[in-house]
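Peer 1: Predicted structure and sequence below. I'll ask about it afterward.
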Amino acid sequence: MKPGWYWLTKDEKKLFIQTLRDLRVPYGFSSNWKNIVSSDFKELKNKKPHDYHVLMQHLLFMLIQHAFKDKKKIRDIIISLLTFFSAPCSKVVDIETLMSLERGMAKTLCKVEKKFPPSVFVVMMHLPIHLAYESRVNGHEPF
């Protein structure tokens, strides 16, 4: 069976993980990624909750752009999702930004549904549409 167009090849996956392993960040920003990436570049191990936060909020933007250089479709979809999730989690939440992200999320979810297999589009995928609305109505909620 031929892998989907959204899959990383072994070389691309190794480049993705190796880029993360070679990453140097300021002291106290996150853990040392050399200790988190396994020696055979197959997995991330011993992550703390703060490492997940740093990875999702800051590092995935760079890593996705680096790993998916030739796959613009998937890169744009994932970066659109990451941008959406970083807005409600910021220190200062702009209402107009949330409204524009809320309008754009429906289009992004349509792209996810078109480009990815049905197994990716689970019941929970519709919740981002409500997240921006809840942030607007209830005020800033730290996640």
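Peer 2: Sure thing, it's come through.
Peer 1: Got the phi and psi for residue 44?
Peer 2: phi -110, psi 130 (degrees, to the nearest 10).
Peer 1: Residue 35 is in contact with that one, correct?
Peer 2: No - judged on Cβ atoms under 8 Å, residue 44 makes no contact with residue 35 at a distance of 10.3 Å. Every residue, glycine included, has its C-beta placed from N, CA and C.
Peer 1: So between those two, which is more surrounded?
Peer 2: Using other Cβ atoms under 10 Å as the criterion, residue 44 and residue 35 rank with residue 44 on top: 15 against 10.
Peer 1: Give me the spatial nearest neighbour of the more buried one, chain neighbours excluded.
Peer 2: residue 36 (5.3 Å; Cβ to Cβ, 6 or more residues apart in numbering).
Peer 1: Quickly note the distance from that neighbour to residue 16.
Peer 2: 14 Å (Cβ to Cβ, to the nearest Å).
Peer 1: cool, and residue 123?
Peer 2: Applying Cβ to Cβ to residue 123 and residue 16 gives a distance of 28 Å.
Peer 1: neighbour count winner among these two?
Peer 2: residue 16 (17 against 6).
Peer 1: Tell me the buried residues in the one helix or strand the more buried one maps to?
Peer 2: Using DSSP states H and E, residue 16 maps to helix 10-21. By neighbour count with 16 or more other Cβ atoms under 10 Å, helix 10-21 contains the buried residues 12, 15-17, 19-21.
Peer 1: and if you look at stretch 74-82?
Peer 2: Those buried within stretch 74-82 under the rule 16+ other Cβ under 10 Å are 74-75, 77-82.
Peer 1: Tabulate these (CSV), appending secondary structure.
Peer 2: Output for these, formatted as CSV (DSSP: H, G, I helix; E, B strand; the rest coil):
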residue, secondary structure
74, helix
75, helix
77, helix
78, helix
79, helix
80, helix
81, helix
82, helix
